[in-house]
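In: Show me how the following folds:
(one chain, ligands or ions: 1)
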Amino acid sequence: MALKIPVRLFDQLRQHGEATYPHECCGVLVGEFDESGGKLVRSVVPCGNTRTDSLANRYHISPSELVRIQRDAILAGQDIVGFYHSHPDHPARWSATDLAEAHWTGCSYVITSVENGRALLSNSFLLLDQEEAKHFEDEPLKVIEN
Ligand SMILES: [Zn+2]
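Out: Residues are numbered from 1 along each chain as shown. Okay, the predicted model is just below:
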């Protein structure tokens, strides 16, 4: 199982993190689930960060924006396969808050560390199970040709 993303979309989500630095960026990954449980990203949808209390270490996508993105994805025969956000001057690892606020079981959560305005590492984490058993697992992130 892996999250596959074309290099042009991978660059796009990393550049989003550089553009919003020192604040977090966030967005949605739209694409397809394949039979083996892997995912292919077909488009990246940047979102506005609606958190106004702590832009540097929190992100939030508005419910109305998410509903619109999901509806557009379904109309295109696709699905929401994941989410992405940046960690300004922090490692590309999930935080306790990231886990608490993640609710899409089976989706990928891509985190990019942005140090001094430059995107460094990007890692993907797969959200598994629900309620108390909810957890992230490291997931291979495969950057593919466009
Ligand atoms: Zn985070």
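
In: Could you name the helices and strands sitting against the helix or strand hosting residue 69?
Out: Taking DSSP states H and E as the criterion, the element that holds residue 69 is helix 63-75. Helices and strands touching helix 63-75, by 3 or more CB pairs under 8 Å, 6 or more residues apart in numbering; DSSP states H and E, are strand 26-33, strand 39-47, strand 79-88. No exception for glycine: its C-beta is placed from N, CA and C like everyone else's.

In: go with 6 Å
Out: Here helix 63-75 touches strand 79-88, going by 3 or more CB pairs under 6 Å, 6 or more residues apart in numbering; DSSP states H and E.

In: residue contacts, the residue nearest the centre of the chain?
Out: Most central in the chain under CA atoms, centre = their mean is residue 84, positioned 1.8 Å from the mean C-alpha point. Listed by CB atoms under 6 Å, 6 or more residues apart in numbering, the contact partners of residue 84 are 13, 27, 110.

In: between the residues you listed, which is nearest the ion?
Out: Checking the contacts of residue 84 against the ion with CB to the ion, the nearest one is residue 110 at 10.4 Å.

In: With that, I have no additional questions.
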